[in-house]
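>>> next come a sequence and a model predicted from it.
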Amino acid sequence: MRRMTPQLALVLRQAAAAGREWYGRELVEVTGLPDGTVYPILARMEQRGFIVSRWETSDERASERRGGACRRYYRVTGAGLGAAAAAAEAASGRGVDRTAPAPWPEQAAP
């Protein structure tokens, strides 16, 4: 596998730290990275098998009583958890862990 960029490692670590499904906008907010960085990373992570995604159903959207487009939900796979652990190990070997996950806001799983 090619070396992970710091941004990919951050997104992957945050995704793994969530412990639940999440949608892209949440990840943009918790990482502080721009949309134009996060969404391409999510696409690459899904291609590599680190995450899987699904579209929110209209019933789920209705139960939250919100309008707008359906959300795309993501969750980390076993391969993604392994890659997140490897990224953490690599970061700790450099002395400064810039990929440490920030706390996720509490939210019920969809």
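Ah, there it is.

>>> the longest helix in this structure is where?
Longest helix in the chain by number of residues (criterion: DSSP state H): helix 78-93.

>>> mind listing what Leu42 touches?
The contact partners of Leu42, by Cβ atoms under 8 Å, 6 or more residues apart in numbering, come to 11, 24, 27, 51, 53, 74. Backbone N, C-alpha and C define where each C-beta goes, glycine included.

>>> mind checking how far it is from Pro34?
Between Leu42 and Pro34 the distance, using Cβ to Cβ, to the nearest Å, works out to 13 Å.

>>> cool, and Arg44?
Distance from Arg44 to Pro34, by Cβ to Cβ: 16 Å.

>>> those two - which one has more neighbours?
It is Arg44, of Arg44 and Pro34, that has more neighbours when counted by other Cβ atoms under 10 Å, with 14 against 10.

>>> report pLDDT for the residue nearest to Arg25 when sequence neighbours are not counted.
If you skip the residues right next to it in sequence, Arg25 has Arg71 as its closest partner in space, 7.8 Å away by Cβ to Cβ, 6 or more residues apart in numbering. At Arg71, the predicted lDDT confidence score is 88.

>>> Arg71: neighbouring residues, count only.
Neighbouring residues of Arg71 were enumerated by other Cβ under 10 Å; the total is 20.

>>> list of residues touching stretch 43-59?
With Cβ under 8 Å, 6+ apart as the test, stretch 43-59 has contacts from 1, 8, 11-12, 15, 23, 42, 70-77, 79-80, 83, 110.

>>> buried ones among those residues?
8, 11-12, 15, 42, 71, 73-77, 80, 83, 110 (16 or more other Cβ atoms under 10 Å).
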